[in-house]
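Novice: Structure for the following, please:
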Amino acid sequence: MMLETARLILCPWKETDAESLYKYAKNPNIGPIAGWPVHTSVENSREIIRDVLSADETYAVTMKNDEASIDAAIGSVGLLIGEKSNLNINPDEAEIGYWIGEPFWGQGLIPEAVREIMRHAFDDLKLSVLWCGYFDENEKSKRVNEKCGFRFHHTEFEKSWPLIHATKTQHVTWIKKEEWQLLFH
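Specialist: Numbering: from 1, shown residues only. Take a look at the predicted model:
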């Protein structure tokens, strides 16, 4: 499935995206603040596409009309539905995860992608609640949460993140379908 916004196309990850994924995921400013390790090679990125990003409802974020980067992944957005979530949520709920390459920060692209995945989750998948979270040090992710209408739910202190061998404080936010409808319809 492909999803579209004014500036973006969200499409399933392909192994051929490994080079563009590595280009952005090797940056130490990206993965660790999102809870995953820095990518070490194009082959490492290819493995992550195969093992992680190829999951259902996980999308590569690509620019719609940029001739230089047609089909080039610049980030990712996805849903972890029910028990696939890092949170203890119901089967008709999902957690949203996202990131974007540093050259694209501050352009409103990830809020645009997140709003589209929210529409897809509520309208197409008929989910009832969406959850999101951000670490203490990730102000940019906090702003995405706010721009997309998520409200604070709770804070998890000293939460273990095995992928990066760290414990972090995570702030968890949420939005119910009814709230989303009032904000974005």
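Novice: Lowest mean pLDDT among the helices and strands of the chain, which one is it?
Specialist: None of the helices or strands of the chain scores lower by mean pLDDT, DSSP states H and E than helix 31-34, at a mean of 91.
Novice: Can you pull out the residues in contact with that one?
Specialist: If you take CB atoms under 8 Å, 6 or more residues apart in numbering as the criterion, helix 31-34 is touched by 25, 37-39, 97, 99, 135, 137-138, 141, 164, 166. No exception for glycine: its C-beta is placed from N, CA and C like everyone else's.
Novice: try 10 Å this time
Specialist: 24-25, 37-39, 76, 97-99, 134-141, 161, 163-164, 166, 168 (CB atoms under 10 Å, 6 or more residues apart in numbering).
Novice: Tally up the residues packed near Val144, please.
Specialist: Residues lying near Val144 (other CB atoms under 10 Å) number 23.
Novice: Surely it and Ile96 touch.
Specialist: Yes - assessed by CB atoms under 10 Å, Val144 is found in contact with Ile96 at 9.3 Å.
Novice: Identify the contacts common to the two.
Specialist: What both Val144 and Ile96 touch, as defined by CB under 10 Å, 6+ apart, is the set 113-114, 132, 150, 173.
Novice: Select from those residues every entry located in helices.
Specialist: Among these, DSSP state H puts 113-114 in helices.
Novice: Among the shared contacts of Val144 and Ile96, give me the pair with the biggest separation.
Specialist: Taking CB to CB, the two most distant members of the shared contacts of Val144 and Ile96 are Ala113 and Thr173; they sit 16.7 Å apart.
Novice: Looking at those two, which has the bigger crowd around it?
Specialist: Relative neighbour count places Ala113 above the other of Ala113 and Thr173, with 29 against 21, counting by other CB under 10 Å.
Novice: what's that one in contact with, if anything?
Specialist: Applying CB under 10 Å, 6+ apart, we find Ala113 in contact with 3, 5, 7-10, 59, 61-62, 74-78, 96, 98, 100, 144, 148.
Novice: give me that answer again for 6 Å
Specialist: With contacts defined as CB atoms under 6 Å, 6 or more residues apart in numbering, Ala113 is in contact with 8, 61, 77.
Novice: Compile the shared contacts of Val144 and Ile96 into JSON lines and extend it with columns for pLDDT and distance to Glu156.
Specialist: Shown next, in JSON lines, are the shared contacts of Val144 and Ile96 (pLDDT from 0 to 100; distance: CB to CB, whole Å):
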{"residue": "Ala113", "pLDDT": "98", "distance to Glu156": "25"}
{"residue": "Val114", "pLDDT": "98", "distance to Glu156": "21"}
{"residue": "Cys132", "pLDDT": "97", "distance to Glu156": "13"}
{"residue": "Phe150", "pLDDT": "98", "distance to Glu156": "15"}
{"residue": "Thr173", "pLDDT": "98", "distance to Glu156": "12"}
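Novice: if we can go back for a sec, drop anything exposed from the contacts of helix 31-34.
Specialist: 24-25, 39, 76, 97-99, 134-135, 138, 140-141, 161, 164, 168 (16 or more other CB atoms under 10 Å).
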